[in-house]
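In: Next come a sequence and a model predicted from it.
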Amino acid sequence: MSRTSLSRFLIEQQRKAGTLPPDLRHLIETVARACKAISHSVNKGALAGILGEAGTGNVQGEAQKKLDVIANDVLLEANEWGGNLAAMASEEMELPYSIPDGLPRGRYLMLFDPLDGSSNIDVNISVGTIFSVLECDESVTGHPTEADFLQPGTRQVAAGYTVYGPQTMLVLTFGNGVYGFTLDRENGSFVLTHPEMKIPESTGEFAINMSNMRHWEAPVQRYVGELLAGKTGPLAKDYNMRWVASMVAEVHRILVRGGVFMYPKDARNPAKPGKLRLMYEGNPMAFIVEQAGGMATNGHQRILDIQPAALHERVAVFLGSKEEVARVTAYHN
Ligand SMILES: O=P(O)(O)OC[C@H]1O[C@](O)(COP(=O)(O)O)[C@@H](O)[C@@H]1O
Ligand SMILES: [Mg+2]
Ligand SMILES: [Mg+2]
């Protein structure tokens, strides 16, 4: 099989009519290198003393795992010298991180969840990194503020994730399809293994944390009830269920074989529209899912159309195979 490395793929994309500006290509290469470093830490686990709690908390009010902090530091360090960014924002940092004066700055803003699926780190189940790239408005001269990040998901110029599973895979979109690369540890390069990933329109598999069932709103109760009724119910087919508790792993499974992933708002936190964060979980995954022919809503509207009001705001997420996401969204409306 003729192997196309990430670098070769990105150069070829750049050569096509304006699909990938050189600075964005360089940013993606920098992020891929950082994810390779995170992958090595994930794979060493206890041998590198990276399991367990960090003993600190984050702006989300969550206890940080050591790997949350390590992954965040790796991404900051790799990218602050990259010269392609004006600032970064992360699940693990309350405020945006501006490229320090004196270091080369670029025109992009990058947001990331450095380690997604943190509850799985200590039990050796797949985790991941999610990133989203926006352009900084050219009117911004000094250090970007939180307000400069508050752009709807339709303004993303690139998004991707790396899933640290049995294979380490990088999945990318910059608006013309979804491409998957597998890390070849023998030579340290990401190799194109999944060109043009597409989500099947229909599916027989759903993913939701069923333990929250009593907290869901009526449309979700109705929809999941129909899934569970299978052949005996209105959907007239049986469904299988998965819940990995790593959004990255769920989305990757859906990209490979279809499915619907749901994290609805629930009555446990009525003030919050959901658990997952819009800017660095909902938006990048919605961009990828839509580019792969799927659908992503908050139950009422397209996630990518939501105008953010705060950097760490939450969002309800229904994403995956178009037929099922359209159905559960229709039940809300
Ligand atoms: O533990 P729960 O409530 O099932 O939630 C699992 C969800 O929480 C998350 O782990 C949240 O992400 P973080 O681990 O980055 O905080 C998602 O990856 C996952 O889909
Ligand atoms: Mg996450
Ligand atoms: Mg996280």
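Out: Noted; the coordinates are in hand. Ligands and ions are numbered 1, 2, ... in the order given.

In: So which residues on the stretch 1-150 of the chain come close to ligand 1?
Out: Applying CB under 6 Å from any ligand atom, we find that the stretch 1-150 of the chain lies next to ligand 1 at E91, D113, D116, G117, S118, S119. Where C-beta positions appear, they are placed from N, C-alpha and C, glycine not excepted.

In: How about the contacts made by the closest residue to the fourth one other than its chain neighbours?
Out: Put plainly, it is G117. Nearest non-adjacent residue to G117, counting by CB to CB, 6 or more residues apart in numbering: S246, 2.8 Å away. S246 is in contact with D116, G117, N120, I125, S126, V127, G128, V163, counting by CB atoms under 8 Å, 6 or more residues apart in numbering.

In: do that again at 7 Å, thanks
Out: Remark: with contacts taken as CB atoms under 7 Å, 6 or more residues apart in numbering, S246 is in contact with D116, G117, N120, I125, S126, V127, G128.

In: And the fourth one, how far from E53?
Out: Put plainly, it is I125. Shown here: I125 relative to E53, a distance of 17 Å by CB to CB, to the nearest Å.

In: repeat for the third one
Out: Look at N120 and E53: by CB to CB, they are 14 Å apart.

In: Comparing those two, which shows the higher neighbour count?
Out: Using other CB atoms under 10 Å as the criterion, N120 and E53 rank with N120 on top: 20 against 13.

In: Per-residue pLDDT of that one, please?
Out: The confidence metric pLDDT takes the value 97 at N120.

In: Let me know whether it touches A245 as I believe.
Out: Yes. With contact defined as CB atoms under 7 Å, N120 and A245 form a contacting pair (6.0 Å).

In: Does stretch 259-279 reach ligand 3?
Out: No. Applying CB under 5 Å from the ion, one finds stretch 259-279 out of contact with ligand 3, separated by at least 8.7 Å.

In: just stretch 47-56 next, same as before
Out: No. Using CB under 5 Å from the ion, stretch 47-56 never reaches ligand 3; the gap is at least 12.3 Å.

In: so how far is the helix or strand in which F318 is found off the chain centroid?
Out: Using DSSP states H and E, F318 maps to strand 317-320. Its chain's C-alpha centre and that of strand 317-320 lie 12 Å apart, by CA atoms, centre = their mean, to the nearest Å.

In: The helix or strand following that strand packs against which elements?
Out: With elements assigned by DSSP H and E, the helix or strand that comes after strand 317-320 is helix 322-332. Judged by 3 or more CB pairs under 7 Å, 6 or more residues apart in numbering; DSSP states H and E, helix 322-332 is in contact with helix 218-229, strand 295-297, strand 317-320.

In: okay, the angle between the longest one and helix 322-332?
Out: I take that to be helix 218-229. 140 degrees (axes from the mean of the first three to the mean of the last three CA atoms, to 10 degrees).

In: From here on, call the first residue 13.
Out: In the new count, where the first residue is 13, that last one comes out as helix 230-241.

In: residues in contact with helix 230-241?
Out: 218, 220, 225, 245-247, 251, 274, 276, 311, 339-340, 343-344.

In: Could I get the buried residue list for that helix?
Out: P231, V232, Y235, V236, E238, L239, L240 (16 or more other CB atoms under 10 Å).

In: cool, stretch 329-345 as well?
Out: V329, F330, L331, G332, S333, K334, E336, V337, R339, V340, T341, H344.

In: Likewise for stretch 162-177?
Out: 162-165, 168-177.

In: Let me have the residues you listed in TSV, extended by pLDDT and secondary structure.
Out: Shown next, in TSV, are the buried residues of stretch 162-177 (pLDDT from 0 to 100; DSSP: H, G, I helix; E, B strand; the rest coil):
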residue	pLDDT	secondary structure
L162	98	coil
Q163	98	coil
P164	98	coil
G165	98	helix
Q168	98	coil
V169	98	coil
A170	98	strand
A171	98	strand
G172	98	strand
Y173	99	strand
T174	98	strand
V175	98	strand
Y176	98	strand
G177	98	coil
